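K.L.:
any chance you could fold what I've pasted below:
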Amino acid sequence: MLNIRDISIKNKLVLMQVFTSVVVLGLCFAAFIITDIKGYKERKVKSMLSLANVIGSNSTSALEFLANDEAKQILSDLKKISPEVVHANILDKKGHVFATYTKPGSDTLRFYPSHINDKYEFSGNQLLVYNNIIENNEITGTVCLQVELSELAAIKSQNTQIAFILLIMGIGLAFVIALAVQRYISKRVLYLVNIMNQVSKTGDYTRHVVVDGKDEINALSFVFNNLMDQIQESHKKKDDFIGIASHELRTPLTSIKAYLQVLDEIENRQPNKKYVQKTLENVDKLLQLIFDLLDVSKIQSGQLELNISEFDIDILIDETIAAYQVVSPNHEIVRTGIRIDQVVSGDRQRIEQVLVNLLSNSTKYSPEANKVILNTSKTASELIISVRDFGIGIPKAEQSKVFERFYRRKDLASHISGFGLGLYICQDIIKRHNGKIWIESEGEGSAFYFSLPLVSTFHMVLSN
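P.N.:
Here you go, the predicted structure:
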């Protein structure tokens, strides 16, 4: 069943205006039909009362001298004067039928008034008229007429058809007008919604909407612009803090690491040496976090620079696998696919950073597996590298978010460390190399892909 809340504001505006028009036109046409029918009935009652009065005036002498034939003759003239009269009676002052008339082809009917006062009543499509005959302020008889309202059905049918046609035309016109009006209203609302969606997807809080009026939509636009300004200011303060804090923390941590390395070389007693090595591992994690935060700060400020050179990508891949295999002995790093046998132009250190990050994620999020596959392939213009694990995988609904800054899955185990910065940095590095990065994850495990232009077709762009 369609829920009114699920209908777009554009269609709601159209439906609202069309519905309002239908209600108003329906009430107007109903009033028109009722008024027309009422007018017809009033005219018919007035006409028949006048006719009954004339018949009564002409029947006074007949009643006085008991001339039935004369009274019948008066009534028989009704088929010429008023053919809609199907039955007519003249009653004497005692209420007995003095003369009667029935239209040819109609059933014989005798009816009597419920009381002696002048009266009329409607019964279906018939009008019953009772008019007293008064002579010298004395009731000498009553004229009773039964009138067939054949025109009433025709009037109802004709008015209904006219009203229906006009209603259809009115609905059509209301729909056209509603479409024109809703464009003005919904266009501005949809424009604001579109900007909000873009901000939500891209995280670009510099987007603003035009404020050119004083109505509620423009008030909402003004509030939205203020909110974007506040978010930008908040992000700027946060990025400044991250940059300053990371820079200030790096120097003392580097010194601590140097002292620990010296201590590791001179200390041979256990468990002292083990404690020193564990401390060194945690210092390395802190330094890596600081480097990531510094990279994020540079990305946000547009100061992340690339040192471009040409290098053999196969050598870089083999060296990265060999180096990472030492720090991750529980997983076998297997290289598959073809050798590229072609140089690329880019920042060798940053591409290595991307490879290390993807390998680190693959081993971190597949603790129960023992293998990670790094595959290489190429087309005429680009090389493609993928890193596949056999771990927990990533739900389809979250795959578009994994490259966002500080994003981590909510259901991750507490022992899996991370701040959600690695993939965000990788994405920026690859984009700065005019490449692409994406994820595929269905069922068990995940595969991260990135592509780089080969040197023959590559033109480096250093800006964002």
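
K.L.:
can you pull the domain assignment for the protein?
P.N.:
4-155, 216-301, 309-453 (automatic domain parsing).

K.L.:
for the stretch 101-250 of the chain, give me the ranges with low pLDDT.
P.N.:
Applying pLDDT under 70 to the stretch 101-250 of the chain picks out residues 108-118, 246-247.

K.L.:
separation between Asn375 and Thr160?
P.N.:
For Asn375, the distance to Thr160 (Cβ to Cβ, to the nearest Å) stands at 76 Å. Quick note: C-beta positions are derived from backbone N, CA and C, even for glycine.

K.L.:
next, count neighbours for Val334.
P.N.:
Other residues within reach of Val334, judged by other Cβ atoms under 10 Å, total 12.

K.L.:
pLDDT on stretch 38-52, on average?
P.N.:
Mean pLDDT, computed over stretch 38-52, is 91.

K.L.:
can you give the distance of it from its chain's centre?
P.N.:
Counting by Cα atoms, centre = their mean, to the nearest Å, stretch 38-52 is centred 58 Å from the centre of its parent chain.

K.L.:
for that stretch, buried residues please.
P.N.:
Of the residues in stretch 38-52, 40-41, 44-45, 48-49, 51-52 count as buried by neighbour count, 16 or more other Cβ atoms under 10 Å.

K.L.:
pull the residues that contact that stretch.
P.N.:
Counting contacts by Cβ atoms under 8 Å, 6 or more residues apart in numbering, the residues outside stretch 38-52 that touch it are 81-82, 85, 118, 120, 122, 127, 129-131, 143, 145, 147, 149, 151-152, 155.

K.L.:
against Ala174, how distant is the residue sitting furthest away from the middle of the chain?
P.N.:
Most distant residue from the mean C-alpha position of the chain: Phe65, 87.8 Å away (Cα atoms, centre = their mean). Taking Cβ to Cβ as the criterion, Phe65 is separated from Ala174 by 69 Å.

K.L.:
returning to what we had before: are any of the contacts of stretch 38-52 buried, and if so which?
P.N.:
Among these, those scoring as buried are 82, 85, 120, 127, 129-131, 143, 145, 147, 149, 152, 155 (criterion: 16+ other Cβ under 10 Å).

K.L.:
which residues does Glu444 contact?
P.N.:
Residues in contact with Glu444 (Cβ under 8 Å, 6+ apart) are 390-391, 393.

K.L.:
now with 7 Å, please.
P.N.:
When contacts are counted by Cβ atoms under 7 Å, 6 or more residues apart in numbering, Glu444 is found next to 390, 393.

K.L.:
confirm it sits in a helix?
P.N.:
No: the assignment for Glu444 by DSSP: H, G, I helix; E, B strand; the rest coil gives coil, which leaves it out of any helix.

K.L.:
quick one: it and Val283, what's the gap?
P.N.:
Here the distance between Glu444 and Val283 works out to 35 Å (Cβ to Cβ).

K.L.:
list the ones among the buried residues of stretch 38-52 that fall in helices.
P.N.:
For the buried residues of stretch 38-52, the ones inside helices are 40-41, 44-45, 48-49, 51-52, with DSSP state H as the criterion.

K.L.:
out of the contacts of stretch 38-52, which are inside helices?
P.N.:
The helices, defined by DSSP H, take in 81, 151-152, 155 from the contacts of stretch 38-52.

K.L.:
identify each buried residue in stretch 66-85, please.
P.N.:
By neighbour count, with 16+ other Cβ under 10 Å as the criterion, the buried positions of stretch 66-85 are 67, 71-72, 74-75, 78, 82, 84-85.

K.L.:
adding pLDDT and distance to Ile165 as columns, could you present those in JSON lines?
P.N.:
Formatted as JSON lines, the entries for those read as follows, by pLDDT from 0 to 100; distance: Cβ to Cβ, whole Å:
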{"residue": "Ala67", "pLDDT": "86", "distance to Ile165": "55"}
{"residue": "Ala71", "pLDDT": "87", "distance to Ile165": "49"}
{"residue": "Lys72", "pLDDT": "88", "distance to Ile165": "48"}
{"residue": "Ile74", "pLDDT": "88", "distance to Ile165": "45"}
{"residue": "Leu75", "pLDDT": "87", "distance to Ile165": "43"}
{"residue": "Leu78", "pLDDT": "85", "distance to Ile165": "38"}
{"residue": "Ser82", "pLDDT": "88", "distance to Ile165": "33"}
{"residue": "Glu84", "pLDDT": "89", "distance to Ile165": "29"}
{"residue": "Val85", "pLDDT": "90", "distance to Ile165": "34"}
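
K.L.:
if we can go back for a sec, any chance of the buried ones among the contacts of stretch 38-52 in CSV, plus distance to Ile351?
P.N.:
Compiled in CSV, those are given as follows (distance: Cβ to Cβ, whole Å):
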residue, distance to Ile351
Ser82, 107
Val85, 107
Tyr120, 103
Leu127, 100
Val129, 106
Tyr130, 109
Asn131, 111
Val143, 113
Leu145, 108
Val147, 102
Leu149, 96
Leu152, 92
Ile155, 89
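
K.L.:
of all those, which two lie farthest apart?
P.N.:
Val143 and Ile155 (26.2 Å; Cβ to Cβ).

K.L.:
run through the strands of this protein in chain order.
P.N.:
Assigned by DSSP state E, the chain shows strands spanning 85-92, 97-102, 119-123, 126-135, 138-148, 309-312, 332-337, 343-346, 371-378, 382-388, 436-440, 447-453.
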